[in-house]
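Peer 1: I'd like to go over a predicted model; first the sequence, then the structure.
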Amino acid sequence: MITYALMFGLGSFGLALVFNLYRIIRADNLADRILALDTMVINSIAILILFGILESTRVYFEASMLFAMVGFVSTVAYCRFLLRGDIIE
Amino acid sequence: MAHFSEILVSFFIVVGGIFGLVGSFGLVKLPDTMRRLHGPTKATTLGVGGVLIASMLYFLLFEGKLSFHELMITVFLFLTAPVTANFIAKTYMHLKVKPSELPETSTEYGWAGYDDPPVEVTEQSEKK
């Protein structure tokens, strides 16, 4: 039963990644692209955790933690670069 | 008992998947950037929250070990989602919205990002 739920979860997050990709390709402005990339990072964290449940191993938690941190830092750095023209002032 | 815990874990996985899909669908469907901010920042965080609760329950119920890694990821995501949303909104305003299009702030300070921040008078700045 959990296997079917995992298939559903992986499928829906995969479809969500396709939606994000569409929004990255057809975006109105750069802020839109940053938003789509940030959502993509969050969806890939969910996929990593679901894969960890599927394999019933805990190796992927460190990977998802790293994904969360690097995604946050890269989003803030890109926004900061567009806002101020520099990342570390 | 095992049947009940399977239902519980599956429920949280399905709820997380639905919320993640709805959040990203909002990213495609909503008409402009400021409205698109709603979808991902709320629904996707809730979706990942559901998946993390399912993962915690799975390792607690089927392997008998309580782990706090998931709680760390949840707290981190819940703390950083508003910050990123604020930064993206500020970037959008910086790129697209002119200061003349904005309404009055109804306080004595102007808009953040366009006007100078309010200067606090401290002892050190008085000495200078």
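Peer 2: Structure received.
Peer 1: for the residue most central in space within chain B, which residues are in contact?
Peer 2: For chain B, the residue sitting closest to the mean C-alpha position, by Cα atoms, centre = their mean, is residue B:81 at 2.5 Å. When the contact criterion is Cβ atoms under 8 Å, 6 or more residues apart in numbering or on different chains, the partners of residue B:81 are B:41, B:45. For glycine as for every other residue, the C-beta is placed from the backbone atoms N, C-alpha and C.
Peer 1: now do the helix or strand encompassing residue A:22: which elements does it pack against?
Peer 2: When secondary structure is defined using DSSP states H and E, the element that contains residue A:22 is helix A:2-25. With contacts defined as 3 or more Cβ pairs under 8 Å, 6 or more residues apart in numbering or on different chains; DSSP states H and E, the packing partners of helix A:2-25 are helix A:30-55, helix B:2-29, helix B:45-62.
Peer 1: try 6 Å this time
Peer 2: Here helix A:2-25 is seen to pack against helix A:30-55, helix B:2-29 when contacts are counted using 3 or more Cβ pairs under 6 Å, 6 or more residues apart in numbering or on different chains; DSSP states H and E.
Peer 1: single out the most deeply packed of those.
Peer 2: Comparing the helices and strands packed on helix A:2-25 on average neighbours per residue, with mean count of other Cβ atoms under 10 Å in any protein chain shown, the densest one is helix A:30-55 at a mean of 22.
Peer 1: does any part of that helix sit near chain B?
Peer 2: Yes: in this structure, helix A:30-55 sits against chain B according to Cβ under 6 Å from any Cβ of the partner chain; the contacting residues are A:31, A:32, A:34, A:35, A:38, A:39, A:42, A:45, A:46, A:49, A:53.
Peer 1: ok so, going back, buried residues, the helix holding residue A:22. List them.
Peer 2: The neighbour-count criterion (16 or more other Cβ atoms under 10 Å in any protein chain shown) identifies A:2, A:5-6, A:8-10, A:12-13, A:15-17, A:19-20, A:23-24 as the buried residues of helix A:2-25.
Peer 1: which ones are touching residue B:57?
Peer 2: With contacts defined as Cβ atoms under 6 Å, 6 or more residues apart in numbering or on different chains, the neighbours of residue B:57 are B:8, B:9.
Peer 1: ok, 10 Å please
Peer 2: Residue B:57 makes contact with A:53, B:5, B:8, B:9, B:11, B:12, B:13, B:70 under the criterion Cβ atoms under 10 Å, 6 or more residues apart in numbering or on different chains.
Peer 1: can you give me the pLDDT of the closest residue to residue A:50 other than its chain neighbours?
Peer 2: What sits nearest to residue A:50 in space, not counting adjacent residues and going by Cβ to Cβ, 6 or more residues apart in numbering or on different chains, is residue A:9, at 5.0 Å. pLDDT recorded at residue A:9 is 93.
Peer 1: same deal with residue B:91?
Peer 2: 89.
Peer 1: do the same with residue B:96
Peer 2: According to the predicted model, the pLDDT of residue B:96 comes to 83.
Peer 1: check which helix or strand residue 65 maps to.
Peer 2: No chain was given, so I picked chain A. Taking DSSP H and E as the definition, one finds residue A:65 inside helix A:59-84.
Peer 1: my bad, chain B
Peer 2: Using DSSP H and E, residue B:65 sits within no helix or strand.
Peer 1: which phi and psi does it have?
Peer 2: Residue B:65 has phi and psi values of phi -120, psi 130 when expressed as degrees, to the nearest 10.
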